[in-house]
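Visitor: sequence first, then the predicted structure, then my questions.
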2 protein chains.
Amino acid sequence: MPPKTAISPTRADDYPEWYQQVIRAADLAENSPVRGCMVIKPWGYQLWENIQRALDDMFKATGHQNAYFPLFIPMSFLEKEAEHVEGFAKECAVVTHHRLEPDPNGGLRPAGKLEEPLIVRPTSETIIGATYAKWVQSYRDLPILINQWANVVRWEMRTRMFLRTAEFLWQEGHTVHATAEEAISETEQMVEVYRDFAENWMAMPVIVGSKTPLERFPGAVETLSIEAMMQDRKALQAGTSHFLGQNFSKAQEIKFQSVTGDIEYAWTTSWGVSTRLIGALIMTHSDDDGLVLPPRLAPSHVVIQPIYKDDSRAEVMAYVESLRDELAAQTFAGAPVRVVIDDRDIRGGEKKWYHVKRGVPIRLEVGPKDMAADSVFCGIRNQPKSVGVSRQEIVATIGEKLATLQQELFDAALLLRESNTVTIKNEADFRDYFASTDDDKIQGGFAHCHFADEDSLQPLLKELKVTIRCIPREHNTTPGTCFLTGKPAAKMAVFAKAY
Amino acid sequence: MPPKTAISPTRADDYPEWYQQVIRAADLAENSPVRGCMVIKPWGYQLWENIQRALDDMFKATGHQNAYFPLFIPMSFLEKEAEHVEGFAKECAVVTHHRLEPDPNGGLRPAGKLEEPLIVRPTSETIIGATYAKWVQSYRDLPILINQWANVVRWEMRTRMFLRTAEFLWQEGHTVHATAEEAISETEQMVEVYRDFAENWMAMPVIVGSKTPLERFPGAVETLSIEAMMQDRKALQAGTSHFLGQNFSKAQEIKFQSVTGDIEYAWTTSWGVSTRLIGALIMTHSDDDGLVLPPRLAPSHVVIQPIYKDDSRAEVMAYVESLRDELAAQTFAGAPVRVVIDDRDIRGGEKKWYHVKRGVPIRLEVGPKDMAADSVFCGIRNQPKSVGVSRQEIVATIGEKLATLQQELFDAALLLRESNTVTIKNEADFRDYFASTDDDKIQGGFAHCHFADEDSLQPLLKELKVTIRCIPREHNTTPGTCFLTGKPAAKMAVFAKAY
């Protein structure tokens, strides 16, 4: 008989359903009454707040400031950049009226038709660009280095919480530069910020690379991305940084007078990550008992569960309160350890699983017997069993235990990726590797393959539901031959099924 | 000849235009290409970030957590609470389509009509209530204490930056309680948080009171508000806290099983403040030279302007950098002093006025002569002249100087309010006090008047464009007679023209 797990089904049984059940068990989010939109519940939102705080500090340390631009984009703005409208017009929320009035048949109906429909922003290049065109006159006005934290809407037909929702929360950086070199350097700097955040905060190893032309952001000259492997071996694009060249500045007339007095079009970039990161985090670390949180992003690092009967309550509570204060005076990753006491009047087992499922990194149970021995019963989220630890030791080593857990989560994710990455040199092996067309089975992984021409691969990729994730920046200098056509190929790309 | 001011026109000349010019000169925001929506620029957004941070800490200290609910509300949800739909259906953005397609006549047109139109949230009682109805089963699930930071849209016809815009940023708290007493206590607690924030962070004295029935939030049983006096003596409602009774829980079926096993409707509240606070802050403190910021909310407390020629640059910069480090090691209001050096290569006078207009609390100029005397030239934003201060003294007193400025701004605003507040006992005096119907003239102020019946006052109030701001909670226990009808009146209200 298999050991009982807190989450049913398990990853092996039904990965997509396991994902939904982890979200439910950890109380992160739920579907809302509005199609495709989710409610982010307090535990999930605290995770987003921690992600925001860490990234925002990194953006400011690299010279960016925050600002806020309108939610609505006039329809005509979207028409200006040809590829961009092609990419976003198909899935947007369109505001056509500005009032409701009583419907003679009962209820309400839209009224006050707008002269020009407004689009709820799917991304803000066009509306922000129109504003930048007014701000930029001279090279002295450059660079503009601005980020926005906002909600955006893309009318997706098939949605999945955090991974693909009609409305989602994100940040979008939009910068303007006097030279192509400076804009390219910004694009590269920001994808490196994302890599740093993914690896050192989320404990999620990523591959940094360039998107191929067919996979680029609509209107971009180059798109850099970070790509992570989930536990079902699918790829997830976790952040993108776009060099937009002069495409948007020409469409929007962002011009400046250069040092030499010439009028030139500016060079722009944009870059973003979203609440999708929470989906990535869930699928990178969680197990069949629920959510597993990397300590640096966990809303609480440690939860203490006092165990008492009516007559021992005061004594146990005094003990755990002083323990909490001692632990909270310790540091992890340069910040105070975050400790809470859960003294709710519910069964101990139920309380334990509540915190296991929510991914709390370290649980400490303390009852009269532990007090007598001056010890605690310590459960670390990635360890199968709790163990007794002296009070002195847990206080002295709490920061180290959190750091070890952070590192072990990264190492486990990296091992999974490396164990499921192959180099493929011909079509037969490629077909074999990505054989199943059942999206919900754990299969395949990352395949590094030389390829000559993206277009010629499309029939095969569509057939197998495989995509080119990126051309990795590292260890990718040896030419070879295309796995499909046998033609000479300068670069390898990472191929995978993807979210 | 009047002294020259940095802002033209002055407050006395044209108050509404002065307000727009302060926003422009301080680089806080600008109108966007989307009707009624503004762009919040980095200096304005930093102010909002500081407001958010302070309030968010206060919300968490009173037991609230953040969450996030959908931007869209199905039209049918709005129909459920009769007063609420009446209040909000008249001015909302309605999404009717989810796609754009090429228009045969050129350009694009909306396509993919939705079965049910969606409203962009003007406030979220209905969508959040629908979710709470699923969360609440038993008294054990209560209270729910949640806040949301979000954007909302109200299709206002006449807009003014920060004060009234189609889209604005705000927070909305939504709580659910088992008893009326607990919900009322929450309503009162949150208006007190707003008073505390307005007075101690914004340096803006406010009157806390109850709204009369005609002025309540649509659907509320009681609305508490904080009301401030602007420098043109008009009132501005800066925050509201609503006791919603069981109105929304009945409309949305938020029911729970009580301790005794009965099924009861829950009691709800909601409370909010918005980017309107920035408008209030501008109009409370700013002068004819531009923005004046209360130090606790200022993005920078101190700006140091080095003055040098090419040959003295290195020496002066070394001096101001060490001065910056010493100042930044001091504290104000429990946090480090925020100091920046402005070494841009622009004229000293231009640089000075740049920071004056942006409201930086303290400016320090340092050139070779000051260095030789080991002193700085110190300008405090509410003082007419800069003065020389020894380096030792400025470091030792910087926190105190900021605290003094914070207090002086509060005192000045309180004095303005007290100097422009009267008690009125008859119609003739009331008419005289609010005589002018020209909205843009500085006139009137706050009038405390006994009144018997709100409805009977309406013709007079409409004629004079005066509103009842609130029934203040304090010093309001002596009955009297209605200033208009002479009937017995239990309470006084504050009457004023208002934003």
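Guide: Now that the structure is in, tell me what you want to look at. The model shown is predicted, which means the values in this text are computed figures rather than measured ones. Numbering: from 1, shown residues only, chains lettered A, B, ... in the order given.
Visitor: check contacts around A:Leu236.
Guide: Residues in contact with A:Leu236 (Cβ atoms under 8 Å, 6 or more residues apart in numbering or on different chains) are A:Leu163, A:Glu227, A:Ala228, A:Met229, A:Met230, A:Arg276, A:Gly279, A:Ala280, A:Met283, A:Ala498, A:Tyr499. In short, each C-beta sits where N, CA and C put it, glycine included.
Visitor: surely it is in a strand?
Guide: Yes: assigned with DSSP: H, G, I helix; E, B strand; the rest coil, A:Leu236 falls within a strand.
Visitor: quick one: pLDDT of it?
Guide: We have a pLDDT of 97 for A:Leu236.
Visitor: which residue packs closest to it, ignoring adjacent ones?
Guide: A:Tyr499 (4.6 Å; Cβ to Cβ, 6 or more residues apart in numbering or on different chains).
Visitor: how close does the one you found sit to chain B?
Guide: 21 Å (Cβ to the nearest Cβ, to the nearest Å).
Visitor: I'd assumed A:Met230 was in contact with that residue.
Guide: Yes: A:Tyr499 lies in contact with A:Met230 (Cβ atoms under 8 Å); the separation is 7.1 Å.
Visitor: who are the contact partners of A:Gly367?
Guide: Taking Cβ under 8 Å, 6+ apart, one finds A:Pro306, A:Ile307, A:Tyr308, A:Ser312, A:Val316 in contact with A:Gly367.
Visitor: need phi/psi at it.
Guide: phi -120, psi -180 (degrees, to the nearest 10).
Visitor: how about stretch A:7-26 against chain B, any contact?
Guide: No: against chain B, stretch A:7-26 shows no contacts by Cβ under 8 Å from any Cβ of the partner chain, the least distance being 12.6 Å.
Visitor: err, stretch A:63-74, not the other one
Guide: Yes: part of stretch A:63-74 sits near chain B under the criterion Cβ under 8 Å from any Cβ, namely A:Gln65, A:Asn66, A:Ala67, A:Tyr68, A:Phe69, A:Pro70, A:Leu71, A:Phe72, A:Ile73, A:Pro74.
Visitor: pull the distance from stretch A:38-46 to the chain's centre.
Guide: 15 Å (Cα atoms, centre = their mean, to the nearest Å).
Visitor: any idea of the mean pLDDT in it?
Guide: 98.
Visitor: and it, C-alpha only, in PDB?
Guide: Extracted in PDB, the C-alpha atoms of stretch A:38-46 (Å, rounded to 0.1, in the frame of the first residue of the first chain):
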ATOM      1  CA  MET A  38      -8.800  34.400 -10.000                       C
ATOM      2  CA  VAL A  39      -9.000  35.600  -6.400                       C
ATOM      3  CA  ILE A  40      -5.600  35.700  -4.800                       C
ATOM      4  CA  LYS A  41      -6.100  34.800  -1.200                       C
ATOM      5  CA  PRO A  42      -4.000  36.200   1.700                       C
ATOM      6  CA  TRP A  43      -1.400  33.500   1.800                       C
ATOM      7  CA  GLY A  44      -0.900  33.700  -2.000                       C
ATOM      8  CA  TYR A  45      -0.900  37.500  -1.900                       C
ATOM      9  CA  GLN A  46       1.800  37.600   0.800                       C
END
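Visitor: mind jotting down where the strands sit in the stretch 151-300 of chain A?
Guide: For the stretch 151-300 of chain A, the strands defined by DSSP state E, counting those that start in this stretch cover A:167-177, A:207-210, A:222-229, A:235-243, A:255-257, A:263-265, A:267-274.
Visitor: among these, which is nearest B:Arg473?
Guide: strand A:167-177 (37.7 Å; Cβ to Cβ).
Visitor: the closest one close to chain B?
Guide: Yes: contact of strand A:167-177 with chain B (Cβ under 8 Å from any Cβ) involves A:Glu167, A:Leu169.
Visitor: which secondary structure elements does the longest helix anywhere in chain A sit against?
Guide: Criterion DSSP state H: the longest helix present in chain A is helix A:391-419. Under the contact criterion of 3 or more Cβ pairs under 8 Å, 6 or more residues apart in numbering or on different chains; DSSP states H and E, helix A:391-419 touches strand A:222-229, helix A:276-285, helix A:313-328, strand A:331-332, strand A:362-366, strand A:375-380.
Visitor: next SSE after it?
Guide: strand A:421-423 (DSSP states H and E).
Visitor: what's in contact with the helix or strand where A:Arg469 lies?
Guide: Element membership for A:Arg469 (DSSP H and E) is strand A:467-472. For strand A:467-472, contacts defined as Cβ under 8 Å, 6+ apart pick out A:207-212, A:214-215, A:224-225, A:227, A:235, A:237, A:446, A:448, A:451, A:454, A:457, A:461, A:491-498.
Visitor: one more time with 6 Å
Guide: Strand A:467-472 is contacted from outside by A:207, A:209-212, A:225, A:227, A:235, A:491, A:493-496, A:498, using Cβ atoms under 6 Å, 6 or more residues apart in numbering or on different chains.
Visitor: give me the number of residues near A:Ala178?
Guide: 20 (other Cβ atoms under 10 Å in any protein chain shown).
Visitor: residues touching it, list them.
Guide: A:Tyr139, A:Leu142.
Visitor: now do A:Thr126, the pLDDT please.
Guide: Reading off the model, A:Thr126 has pLDDT 92.
Visitor: how about the helices and strands packed on helix A:391-419 in CSV, adding mean pLDDT, distance to B:Leu416 and mean neighbour count?
Guide: As requested, these are exported to CSV (pLDDT from 0 to 100; distance: least, Cβ to Cβ, whole Å; neighbours: other Cβ atoms under 10 Å in any protein chain shown):
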stretch, mean pLDDT, distance to B:Leu416, mean neighbour count
strand A:222-229, 98, 54, 25
helix A:276-285, 98, 48, 25
helix A:313-328, 96, 45, 16
strand A:331-332, 98, 47, 17
strand A:362-366, 97, 55, 23
strand A:375-380, 97, 59, 20
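Visitor: now the ones you listed as TSV including distance to chain B?
Guide: Shown next, in TSV, are those (distance: least, Cβ to the nearest Cβ, whole Å):
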stretch	distance to chain B
strand A:222-229	23
helix A:276-285	12
helix A:313-328	16
strand A:331-332	19
strand A:362-366	21
strand A:375-380	25
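Visitor: tabulate the ones you listed in TSV, adding columns for distance to A:Ser138.
Guide: As requested, the helices and strands packed on helix A:391-419 are arranged in TSV below (distance: least, Cβ to Cβ, whole Å):
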stretch	distance to A:Ser138
strand A:222-229	27
helix A:276-285	38
helix A:313-328	52
strand A:331-332	47
strand A:362-366	55
strand A:375-380	58
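Visitor: indicate which one of the ones you listed is closest to A:Glu49.
Guide: helix A:276-285 (11.3 Å).
Visitor: the closest one: how far from the chain's middle?
Guide: The answer for helix A:276-285 is 6 Å, by Cα atoms, centre = their mean.
Visitor: returning to that earlier point: any idea of the mean pLDDT in the strand holding A:Arg469?
Guide: 96.
Visitor: what angle separates it from strand A:235-243?
Guide: For strand A:467-472 against strand A:235-243, the angle by axes from the mean of the first three to the mean of the last three Cα atoms, to 10 degrees is 60 degrees.
Visitor: A:Tyr499 and A:Met230: who's more crowded?
Guide: A:Met230 (25 against 18).
Visitor: next up, phi/psi of that one, please.
Guide: phi -80, psi 170.
Visitor: hang on, the earlier thing: now for the helices and strands packed on helix A:391-419, which one comes closest to A:Ile23?
Guide: helix A:276-285 (6.8 Å).
Visitor: hang on, the earlier thing: in PyMOL, select just the buried ones from the contacts of strand A:467-472.
Guide: Selection command for PyMOL covering only the buried members of those, criterion 16 or more other Cβ atoms under 10 Å in any protein chain shown:
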select buried, chain A and resi 207+209+210+211+212+225+227+235+491+493+494+495+496+498
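Visitor: need the contacts of strand A:467-472 in CSV (columns: distance to A:Glu199).
Guide: What follows is those, written out as CSV (distance: Cβ to Cβ, whole Å):
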residue, distance to A:Glu199
A:Ile207, 11
A:Gly209, 15
A:Ser210, 19
A:Lys211, 20
A:Thr212, 24
A:Ser225, 14
A:Glu227, 13
A:Ala235, 16
A:Lys491, 23
A:Ala493, 21
A:Val494, 17
A:Phe495, 22
A:Ala496, 19
A:Ala498, 20
